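Engineer: sequence plus predicted model, see below.
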Amino acid sequence: MGCAAAGGVDPVSARSDLHAGQGQRRRRPQHRDARAPHRAAERADTDRAFSGSAALLCRADDGGRDGRDAGCPPLPRAGGAGGRPVPINHRADRPTPHPSRRREGNLTPRLILLTLAAFLLSLMAGKTWIFPPDWFADTARGWIFLDLRLPRALLGAGIGAILGLSGAVLQGYLRNPLADPTVVGVSSSAALGGVIAILLGFTPFPLAMAGGGLSVLLLVLMAGRGGGPLGFILAGMVLATLSGSLTAFLISIAPNPFATSEIIAWMMGALTDRGMADAVIALPLMAAGGAVLLLTARSLDALTLGEDAARSMGVDPARLQWIIALGIGLGVGAAVAVSGVVGFVGLMVPHIIRRFVGERPSATLIPSALGGAILVLVADSLVRLVPGPGEVRLGVAMAVLGAPFFFLLLGKIRGQGA
């Protein structure tokens, strides 16, 4: 006791301090564990933010609707009953596919089946129906099938596919719902080449292809390196106007009425009397043009964010212009050279397809090609069934279908603007 009074250490006090220090050391892990709920709440907020962003992007792709038809995830709320956070149903480690890709995957197999059905209809339909048992028979029906029906169906599928694909690419690039291959002047330039060939007494195909190729070169040169989509469409309108004027001038100076009649009949568009030789020449060119256009899918998606954002993502606008012009020049030039001018396919089909797959440009490309093939095959089958000695021209039938659609589309655009 004396030592403690003299300034020594009291054993009882030291023992108490030791136990107090041990208690503090034991409580320290409890103090760290108290932060765990806060970290869990932060992770839940982060997951909710990602889920909300995915839901908003899905609804934007669905045209601003509620997203139920598109299968969009629900928009997360701040809290549920009793203020508890709403559980997150979509985990970050299990990303769901983009809604437009999911819908495209559902639509494409159905379109393939419809294309096959339309192809079979085109093989059979006509003033004389030819059914599968007679296709390869050594009879007049077998001869009609091999020499006329089969190449006609192949050409109809190829022409519809390249026109639908070209329309989808142009509408995605120009961000203009009224764009189609006729807007950029390739169709009218190829038609001008075909008219010159008819006046000179040649087959239209070589000069029509030359006209389409020349229009590609002029289109890119006139649009300029920095012209962008606006310069591209203005250059196309100039080419279309110039080619149309020259075509009208050549028709007016045709040397005889027979040449005039042949030119007008060719320009109205038809697949009548097209043989396997025409298909062998035109189909590879259309396939090459379609393959080139499919290369633009990622760049078109990037352009939806704006040209500056697309540049930052590695998109070269000048190179993209060349690719689009080359693909359309090859594919549409070959289509016009073999059939004449068939309008409205590239305008109608992408709009119909977007109602099913959304606004993402790359999601519309393959479905638009299949939809274009279906439309042309069905229309060409129907024109053969019209009563009368001759056939209604395919271009006329497409105009009859396309004009009302154009007015409906125009009314829809005006309604959205209001």
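Structural biologist: It's in.

Engineer: gap between the helix or strand A310 falls within and the chain center?
Structural biologist: Assigning secondary structure by DSSP states H and E places A310 in helix 307-312. Taking Cα atoms, centre = their mean, to the nearest Å, the mean C-alpha location of helix 307-312 is offset from the chain mean by 20 Å.

Engineer: buried residues in that helix?
Structural biologist: Neighbour-count burial for helix 307-312, counted by 16 or more other Cβ atoms under 10 Å, picks out A310. C-beta coordinates here come from the backbone N, C-alpha and C atoms, glycine included.

Engineer: equivalent analysis for stretch 278-292, please.
Structural biologist: If you call a residue buried by 16+ other Cβ under 10 Å, then stretch 278-292 has these buried ones: D278, A279, A282, L283, L285, M286, A287, A288, G289, G290, V292.

Engineer: quick one, domains of the protein?
Structural biologist: 12-83, 102-417 (automatic domain parsing).

Engineer: next, count neighbours for the residue lying closest to R393 once chain neighbours are set aside.
Structural biologist: Setting aside the residues directly before and after it, R393 is nearest to M268 in space (Cβ to Cβ, 6 or more residues apart in numbering), at 4.1 Å. M268 has 17 neighbours, counted by other Cβ atoms under 10 Å.

Engineer: A337: what secondary structure?
Structural biologist: With DSSP: H, G, I helix; E, B strand; the rest coil as the basis, A337 sits in helix.

Engineer: and it, how far from G346?
Structural biologist: Between A337 and G346 the computed distance is 17 Å (Cβ to Cβ, to the nearest Å).

Engineer: wait, which of the buried residues of stretch 278-292 is closest to G142?
Structural biologist: Comparing the buried residues of stretch 278-292 against G142 with Cβ to Cβ picks out A279 as the nearest, at 17.9 Å.

Engineer: okay, and the closest one sits in which element?
Structural biologist: For A279, the host element (DSSP H and E) is helix 276-294.

Engineer: return that helix as CSV; C-alpha atoms alone will do.
Structural biologist: Once non-C-alpha atoms are left out, helix 276-294 reads as follows in CSV (Å, rounded to 0.1, in the frame of the first residue of the first chain):
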residue,chain,number,x,y,z
MET,A,276,-31.3,-18.1,-116.7
ALA,A,277,-28.6,-16.2,-118.5
ASP,A,278,-29.9,-12.9,-117.0
ALA,A,279,-30.0,-14.5,-113.5
VAL,A,280,-26.4,-15.8,-113.9
ILE,A,281,-25.1,-12.3,-114.7
ALA,A,282,-27.2,-10.2,-112.3
LEU,A,283,-27.5,-12.4,-109.1
PRO,A,284,-23.7,-12.4,-108.3
LEU,A,285,-23.6,-8.6,-108.6
MET,A,286,-26.6,-8.2,-106.4
ALA,A,287,-25.1,-10.6,-103.8
ALA,A,288,-21.8,-8.7,-103.9
GLY,A,289,-23.6,-5.4,-103.4
GLY,A,290,-25.6,-6.8,-100.5
ALA,A,291,-22.5,-8.2,-98.8
VAL,A,292,-20.8,-4.8,-99.0
LEU,A,293,-23.9,-3.1,-97.5
LEU,A,294,-24.0,-5.5,-94.6
